[in-house]
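A.B. asks: sequence? don't have it. structure:
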């Protein structure tokens, strides 16, 4: 695939990731990680780490729109953000110790569990 076509495909994946994150308030990583491995040819560990940095600005923009529209609760934010911060640290440390296969298997298991939970 030539560079221009690849950049268009990557931009389309970015649009899909941003749209999912904007609509659901998260979940863009569920799209961007498989997308980066399949279309950008990145190793799973690189895709997971890159997804974190991709989701940061997307979440910030989405969060601003949610705030403007009155969907933000400061007390809930403070309580959950403490746990998310600690969990992010633990998760990043764990990812740095995993093999690509382990990270892929864990990611697939979480996606599967989330899908089953959505059904029931």
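C.D. replies: Sure thing, it's come through. Predicted model, so just to flag it, every value in this text is computed and none were measured. Numbers count the residues shown, from 1 in each chain.

A.B. asks: centroid residue for this protein?
C.D. replies: For the chain, the residue nearest the mean C-alpha position is residue 29 (2.0 Å; CA atoms, centre = their mean).

A.B. asks: helix or strand for the closest residue to it other than its chain neighbours, which one?
C.D. replies: Counting by CB to CB, 6 or more residues apart in numbering, residue 51 is the residue found nearest to residue 29 once chain neighbours are left out, at 4.6 Å. All C-beta spots, glycine's among them, are computed from the backbone N, C-alpha and C. Using DSSP states H and E, residue 51 sits within helix 44-68.

A.B. asks: pull out the buried positions in the following helix or strand past that helix.
C.D. replies: The helix or strand immediately downstream of helix 44-68 is helix 74-97, counting by DSSP H and E. Residues of helix 74-97 classed as buried: residue 95 (neighbour count, 16 or more other CB atoms under 10 Å).

A.B. asks: what does helix 74-97 rub up against?
C.D. replies: Contact partners of helix 74-97, identified using CB atoms under 8 Å, 6 or more residues apart in numbering, comprise 45, 48, 49, 52, 103.

A.B. asks: what is the nearest of those residues to residue 18?
C.D. replies: The closest of the contacts of helix 74-97 to residue 18 turns out to be residue 52 (CB to CB; 15.1 Å).
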